[in-house]
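Asks: The following block contains a protein sequence and its predicted model.
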Amino acid sequence: MDLPEIPKAEAWEALPLTDEQKRNNTAVIPPEFRPRVVLRYADTKDLFVSGLLDGASEIAQHPAVVDVPVDRGHVVLFSDNPMWRGETQGSYFLIYNAILNFDRLNAGRKKSDEAVTRSAEPVR
């Protein structure tokens, strides 16, 4: 008996659902409520290794910013603290963008059953 092929996905993508998982499965999150990767880290070779970024291979291709729909709003998750001690002023735009565009966080989100977490542009 042949076993079904296990679906594969990148580190920032959700695994595609199998036909078995789609049938009356209460554990499957509907596409419109799935977390979405907005920004991800680049490949290891493209990351700038300096200062506190030691072991870049551990974060390469992983999410940096994730948007999670909750009820009628959104939770924006950051992989680091963009406001850390007021010293990371270059990353303040991440927070400003989430605050200023609070009512448009669904932009680009697919509504169909075939929706898959979109790959975002890598951080360089």
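Replies: Sure thing, it's come through. Residues are numbered from 1 along each chain as shown.

Asks: Looking at this protein, which helix is longest?
Replies: Ranked by residue count, the top helix of the chain under DSSP state H comes out as helix 92-100.

Asks: List the buried residues of it.
Replies: 94, 98 (16 or more other Cβ atoms under 10 Å). C-beta here means a position set from N, CA and C on the backbone, and glycine is covered the same way.

Asks: Then stretch 100-112?
Replies: For stretch 100-112, using 16+ other Cβ under 10 Å, the buried residues are residue 105.

Asks: next one: stretch 34-54
Replies: For stretch 34-54, the neighbour count (16+ other Cβ under 10 Å) marks 34, 36-42, 47 as buried.

Asks: any chance you could read off phi and psi for the spatially most central residue of the chain?
Replies: In the chain, the centroid-proximal residue (Cα atoms, centre = their mean) is residue 37; its distance is 1.9 Å. With angles defined as degrees, to the nearest 10, residue 37 sits at phi -80, psi 120.

Asks: Contacts only, for residue 98.
Replies: Residue 98 sits next to 76, 105 when contact means Cβ atoms under 8 Å, 6 or more residues apart in numbering.

Asks: gap between it and residue 30?
Replies: Using Cβ to Cβ, to the nearest Å, residue 98 is found at 23 Å from residue 30.

Asks: repeat for residue 90
Replies: On the measure of Cβ to Cβ, residue 90 and residue 30 end up 36 Å apart.

Asks: before we move on, what about residue 15?
Replies: Remark: distance between residue 15 and residue 30 (Cβ to Cβ) = 16 Å.

Asks: Neighbouring strands - and their directions - for the strand ranked longest in the chain?
Replies: In the chain, ranked by residue count with DSSP state E as the criterion, the top strand is strand 63-70. Here strand 63-70 has these sheet partners by DSSP bridges: strand 36-41 (antiparallel), strand 73-78 (antiparallel).

Asks: what is the mean pLDDT for that strand?
Replies: The predicted model assigns strand 63-70 a mean pLDDT of 91.

Asks: could you check the angle helix 92-100 makes with it?
Replies: 10 degrees (axes from the mean of the first three to the mean of the last three Cα atoms, to 10 degrees).
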